[in-house]
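A.B. asks: here's my sequence, what's the structure:
(one chain, ligands or ions: 2)
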Amino acid sequence: MTRIVRIAPSILSADFARLGEELQAVTEAGADFIHVDVMDGHFVPNITIGPAVVKALRPHSALPFDVHLMIAPVDPYVAGFADAGSDIITVHAEAGAHLHRTLQLVKAQGKKAGVSLNPASPIELLDYVWDDIDLVLVMTVNPGFGGQSFIDSQLDKIRRLRERIERETAGTGRQILLEVDGGVTPETARKVVMAGADVLVAGTATFKGGPEAYARNIAALRDAVC
Ligand SMILES: O=C(CO)[C@H](O)[C@H](O)COP(=O)(O)O
Ligand SMILES: [Fe+2]
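C.D. replies: Ligands and ions are numbered 1, 2, ... in the order given. Here you go, the predicted model:
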């Protein structure tokens, strides 16, 4: 397979008491992006971190910060996460009535814009925003928690999105990344990459076993997909 596959450890599974060191450890262990899960206890049934923590973490890794906003409303917080040092800001299509406006806000901050789809959401939610996005994030668990099991029905969605992305970008020089988040292990990684994914979020699969295991865990994901 010639597609470049990027590994994005989700710091949701890191040791929150040592987040700065954890970022340095996964950076040295070969990660490509740092995936930051932001949850509000409203759009999803869990609460994690805000822009102040993203800002505090920024000096601990030179890798792109891939910030997954599971919050509603999202528009009032886009500038704060941009200023804090996010590189990619991904919002949920289900989080508000004005996805196009939200994507314009992200672009106005000079950041890459992503859209995430929950497992029950159809790809048609993206029909009129393809010109405005740099990344599509397919949730392969219901958002809110790490350590859940991969939902197999999403493989068909990933395949259909890969076809659509190829059509949208053909001859344009644009790149739209297809990211998969939730229950990614070496076994499921192979299936999602075969289906068309090029960014793998991995929380549990990266952080299990503690810092000594991170390089081995990331290598196991890479080996599974090449
Ligand atoms: O967005 C998320 C949850 O809403 C996380 O990124 C995701 O669950 C990663 O954790 P794991 O790899 O353990 O499934
Ligand atoms: Fe995530």
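
A.B. asks: report the longest helix in this protein, please.
C.D. replies: helix 154-169 (DSSP state H).

A.B. asks: what residues of that helix count as buried?
C.D. replies: For helix 154-169, a neighbour-count test (16 or more other Cβ atoms under 10 Å) marks 154, 155, 157, 158, 161, 162, 164, 165 as buried. No exception for glycine: its C-beta is placed from N, CA and C like everyone else's.

A.B. asks: kindly report the same for stretch 169-181.
C.D. replies: Across stretch 169-181, burial judged by 16+ other Cβ under 10 Å covers 176, 177, 178, 179, 180, 181.

A.B. asks: off-centre distance for that stretch?
C.D. replies: Centroid displacement of stretch 169-181 relative to its chain, using Cα atoms, centre = their mean, to the nearest Å, is 14 Å.

A.B. asks: that one near ligand 1 anywhere?
C.D. replies: Yes: using Cβ under 6 Å from any ligand atom, stretch 169-181 comes into contact with ligand 1 via residue 181.

A.B. asks: for the protein, just list every one of the helices.
C.D. replies: Secondary structure of the chain (DSSP H): helices at 19-28, 51-57, 78-83, 99-108, 154-169, 186-195, 204-207, 214-225.

A.B. asks: how about the residues of the chain near ligand 2?
C.D. replies: Contact residues (Cβ under 5 Å from the ion) of the chain with ligand 2: 37, 68, 181.

A.B. asks: outside of stretch 171-180, which residues touch it?
C.D. replies: If you take Cβ atoms under 8 Å, 6 or more residues apart in numbering as the criterion, stretch 171-180 is touched by 6, 8, 66, 90, 114, 130, 133-138, 140, 154, 158, 161-162, 165, 168-169, 192, 196-201.

A.B. asks: ditto for stretch 92-101
C.D. replies: Stretch 92-101 is contacted by residues 43, 69-75, 91, 102, 115-118, 121, 125-126, 128-129, 132, 143 when judged by Cβ under 8 Å, 6+ apart.
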